[in-house]
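Colleague: show me how the following folds:
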Amino acid sequence: MSTRIAFLKGHGTENDFVIVPDPDNVIDLSPAAVAALCDRRAGIGGDGVLHVVRSAAHPEAKELAAEAEWFMDYRNGDGSIAEMCGNGVRVFARYLQHAGHVAEGDLTVATRGGVKRVHIAKAASVSGSAAGDITVGMGRARLPEGDVTVSVGEHSWPARNVNMGNPHAVAFVDDLADAGDLYAAPPFSPASAYPDGVNVEFVVDRGPRHVAMRVHERGSGETRSCGTGACAVAVATARRDGTDPAVTGTPSTYTVDVPGGTLVITERPDGEIEMTGPAVIVAEGEIDAKWLESAAG
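Modeller: Numbers count the residues shown, from 1 in each chain. Below you'll find the predicted structure:
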């Protein structure tokens, strides 16, 4: 391993990531190494790591190489592996654009949640420098049957079980403060509903087709945004509001405010979901490989 490892830092609606370009998949990113990188005091700091690898070079993505050149090997801030990260896909695409691997327009990205179709919009013409929003095809939501309950302290709420390639529990509350500090994962029942843990979203109404949310992401704690969570919230809200596109025959679009900004989610009658929002690269530099090896030990 080189004594210096290149990295970048980026965020999507303030859901922030350490980006590690590694086209040939030669860097060993153990769970301990990922946790060290994401440490906000002793490391670089981030909600997760975007390990950028060519699909053909990664054993989990080789079969997807014909569909997508690049694989998003995503890790949560605690080092655990996640199937998908919606904000992460946008930042991943922005990195590919920043590095000159892709241009504005359409591309595909391989993830553990399948191949995602991405569109990078043209830069905003007002300033000439602002990067255009990025839209990600997030696939279809699955709505597992069965009642789910989430709790904070002595309070409990029914939640909608929504799977966006990763699991979500969506609870509608009177006030976002009802979610508490979200340092710890909110308890849920039954345990069988989420054997591998769950992302929990707390949601309030802001207006017609407009909601706001807070989220506890498994493996990361409360984050400033969660793309798959915003999609799950839009789906759950559409079902609550009776605007299920499969029933109405028309697309359903919701604006979802997160602590770090705003995402726009559209579900189409065929079930396909699109998420649109910003993605920003804020810094780049080098990691001392010896430090990383020591921190991971």
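Colleague: in terms of pLDDT, where does residue 130 sit?
Modeller: The model reports residue 130 with a pLDDT of 57.
Colleague: again with the one 10 residues further on
Modeller: pLDDT recorded at residue 140 is 95.
Colleague: which residue packs closest to it, ignoring adjacent ones?
Modeller: Spatially, and ignoring its direct neighbours in sequence, residue 140 is nearest to residue 271 (4.0 Å; C-beta to C-beta, 6 or more residues apart in numbering). Backbone N, C-alpha and C define where each C-beta goes, glycine included.
Colleague: residues contacting that neighbour?
Modeller: Applying C-beta atoms under 8 Å, 6 or more residues apart in numbering to residue 271 gives the contacts 140-141, 245-246.
Colleague: check which helix or strand covers residue 78.
Modeller: Secondary structure assignment for residue 78, by DSSP states H and E: no helix or strand.
Colleague: quick one: it and residue 217 touch, right?
Modeller: No - the pair residue 78 and residue 217 fails to qualify as a contact (C-beta atoms under 8 Å) at a distance of 10.2 Å.
Colleague: distance between the ends of stretch 203-213?
Modeller: 4 Å (C-alpha to C-alpha, to the nearest Å).
Colleague: quick one: which of residue 78 and residue 217 has more around it?
Modeller: Per other C-beta atoms under 10 Å, whichever of residue 78 and residue 217 has more neighbours is residue 217, with 28 against 15.
Colleague: look up phi and psi at the more buried one.
Modeller: Main-chain dihedrals, residue 217, degrees, to the nearest 10: phi -90, psi 130.
Colleague: next one: residue 55 from residue 94, what distance?
Modeller: Residue 55 sits 19 Å away from residue 94, going by C-beta to C-beta, to the nearest Å.
Colleague: one more: residue 152?
Modeller: In this view, residue 152 and residue 94 are 34 Å apart by C-beta to C-beta.
Colleague: okay, those two: which has more neighbours?
Modeller: residue 94 (25 against 20).
Colleague: quick one: contacts for the closest residue to the more buried one other than its chain neighbours?
Modeller: Excluding its sequence neighbours, the residue lying closest to residue 94 (C-beta to C-beta, 6+ apart) is residue 279, at 3.9 Å. By C-beta under 8 Å, 6+ apart, the contact set of residue 279 is 10-12, 87, 90-91, 93-94, 131, 133-134.
Colleague: looking at those, which are in strands?
Modeller: 10-12, 134 (DSSP state E).
Colleague: now do the contacts for the residue most central in space within the chain.
Modeller: Centroid check for the chain by C-alpha atoms, centre = their mean gives residue 85 as the closest residue, at 2.6 Å. Counting by C-beta under 8 Å, 6+ apart, residue 85 makes contact with 15, 48, 72, 74, 227-228.
Colleague: now residue 283
Modeller: The neighbours of residue 283, taking C-beta under 8 Å, 6+ apart as the test, are 8-9.
Colleague: and it, that one's in a strand?
Modeller: Yes - the assignment for residue 283 (DSSP: H, G, I helix; E, B strand; the rest coil) places it in a strand.
Colleague: that one pairs with what?
Modeller: Judged by DSSP bridges, the bridge partners of residue 283 are residue 9.
Colleague: roughly how far is stretch 238-251 from the heart of the chain?
Modeller: Here stretch 238-251 is found 24 Å from its chain centre; the criterion is C-alpha atoms, centre = their mean, to the nearest Å.
Colleague: just the residues contacting that stretch, thanks.
Modeller: For stretch 238-251, contacts defined as C-beta under 8 Å, 6+ apart pick out 143, 160, 172, 209, 252, 254, 266-271.
Colleague: again, only using 7 Å
Modeller: Outside of stretch 238-251, the residues within contact range by C-beta atoms under 7 Å, 6 or more residues apart in numbering are 160, 252, 254, 266-269, 271.
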